[in-house]
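Visitor: got a sequence here, can you build the structure:
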Amino acid sequence: MKEEEIIKKWLDNETLSTEEIQFLQGIEGFDDYKKIAEKAAHFKAPEVDITEGLENLKKEKQEKKTKNIWLSRFPRIAAILVIAIGSYFLFFHSNYTDIDTLAKVTKQVSLPDHSEVVLNANSSISYSKDNWTGNREIHLAGEAFFKVAKGKKFTVITNLGEVTVLGTQFNVRQREESIQVDCYEGLVEVKINNETIKLSAGKSLAFRDQQLNQYENFDNSSSWLRGKSTFKSIPLREVFKEFERQYAVKIQTKNLTLDQEKLFTGSFTHKDIETAIKSVTLPFGLDYSIQKDEIIVSARE
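Guide: Numbers count the residues shown, from 1 in each chain. Okay, the predicted model is just below:
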């Protein structure tokens, strides 16, 4: 039996022999198509006539004359099937662009609408470059500064909330259990913890330990763009983690009785590791020693 005929039987849910099943499993990409079909069975498409769509699908398959032509169109047919039930982009993600940074590294990215994103160290974004007009979403893990092109709009999605913007400059810092949004120009709309909040220029929002706080900020841009990390009432353990991101080191604590949940307000430079660690440890009366890619922090003797 011809290859396209076996695939057609599978699409039509006809009974396949053991030999035909083994043949299908050997086709490159078959596992992806199988996952699409299995997931599709659990969704409903209220605005699409599925029966008519499947009939058109069968007709299109019957018109194919050769193996190469039919197989070249199979991915598109699979996509049509999934679009019909509203689940294509959940299971087919070939057009997404992923950009990330390592410790000590920042990166500037230009979006398809000419908006600009600057990624802080150990951060990443993901967005649909080829379908930007229809899918204006950016998934962020870490921290990034956004300068939105005039009149453009998109949504920044994190695991704790969403930020929708229109012609503005703003910063989003997303960590394991916290998120901070700083608006420097224009207006942003933040959806978090079942609340929707609009921030204008000079306003900031922080969500930490299930507490949502708003406050004034007086900077023109994020301090990390100018080579330093700034904190306002942030637990010391989080400051240590940020230090590790900026200097690609591991901070180890030794004989430390100080509660690392104590709050730190201040900053450290990204340009000199010794000056930076002093800025963090001195306010708490701690000692430190720098050993290659590790810093030992201990109680002062």
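
Visitor: run through who's touching the helix or strand harbouring residue 268.
Guide: Taking DSSP states H and E as the criterion, residue 268 maps to strand 263-269. Strand 263-269 is contacted by residues 223, 227-236, 239, 243, 246, 275-277, 279-280, 283-284 when judged by CB atoms under 8 Å, 6 or more residues apart in numbering. Every residue, glycine included, has its C-beta placed from N, CA and C.

Visitor: swap the cut-off to 7 Å and go again
Guide: For strand 263-269, contacts defined as CB atoms under 7 Å, 6 or more residues apart in numbering pick out 223, 227-236, 239, 243, 275-276, 279-280, 283.

Visitor: which stretches in the stretch 151-300 of the chain count as strands?
Guide: Counting by DSSP state E, counting those that start in this stretch, the segments of the stretch 151-300 of the chain that form strands are 153-157, 161-174, 178-192, 195-200, 203-208, 211-216, 228-235, 250-254, 263-269, 286-291, 294-299.

Visitor: out of the ones you listed, which comes closest to residue 131?
Guide: Of all the strands of the stretch 151-300 of the chain, strand 153-157 sits nearest to residue 131, with 12.5 Å by CB to CB.

Visitor: which stretches of the chain form helices?
Guide: 3-11, 18-25, 30-40, 50-62, 67-84, 88-91, 236-247, 273-281 (DSSP state H).

Visitor: re earlier: now the strand holding residue 268: average pLDDT?
Guide: For strand 263-269, mean pLDDT is 96.

Visitor: from now on call the first residue 23
Guide: Taking 23 as the first residue, the last one we looked at is strand 285-291.

Visitor: can I get the CA coordinates of it in PDB?
Guide: Provided in PDB are the C-alpha atoms of strand 285-291 (Å, rounded to 0.1, in the frame of the first residue of the first chain):
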ATOM      1  CA  LEU A 285      15.500  43.500  54.400                       C
ATOM      2  CA  PHE A 286      18.200  45.300  52.400                       C
ATOM      3  CA  THR A 287      17.800  48.800  51.000                       C
ATOM      4  CA  GLY A 288      20.700  50.000  48.900                       C
ATOM      5  CA  SER A 289      22.700  49.000  45.700                       C
ATOM      6  CA  PHE A 290      25.800  47.300  44.400                       C
ATOM      7  CA  THR A 291      27.900  48.000  41.300                       C
END
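
Visitor: hang on, the earlier thing: mean neighbour count, the strands of the stretch 173-322 of the chain: which tops it?
Guide: strand 183-196 (a mean of 21; mean count of other CB atoms under 10 Å).

Visitor: state the mean pLDDT of that one.
Guide: Strand 183-196 shows a mean pLDDT of 92.

Visitor: I'd like the strands of the stretch 173-322 of the chain as TSV, with distance to residue 142 appended.
Guide: What follows is these, written out as TSV (distance: least, CB to CB, whole Å):
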stretch	distance to residue 142
strand 175-179	14
strand 183-196	8
strand 200-214	12
strand 217-222	20
strand 225-230	16
strand 233-238	21
strand 250-257	9
strand 272-276	18
strand 285-291	14
strand 308-313	23
strand 316-321	20
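
Visitor: is it true that residue 154 touches residue 134?
Guide: Yes: between residue 154 and residue 134 a contact is recorded at 4.0 Å, counting by CB atoms under 7 Å.

Visitor: next one, pLDDT for the closest residue to residue 133 other than its chain neighbours please.
Guide: Spatial nearest neighbour of residue 133, chain neighbours left out: residue 139 (6.4 Å); criterion: CB to CB, 6 or more residues apart in numbering. pLDDT for residue 139: 97.

Visitor: right, and residue 139 touches residue 165 too?
Guide: No: Residue 139 is beyond contact range of residue 165, at 10.8 Å (criterion: CB under 7 Å).

Visitor: so between those two, which is more surrounded?
Guide: Ranked by neighbour count (other CB atoms under 10 Å), residue 139 and residue 165 place residue 165 first, with 25 against 21.
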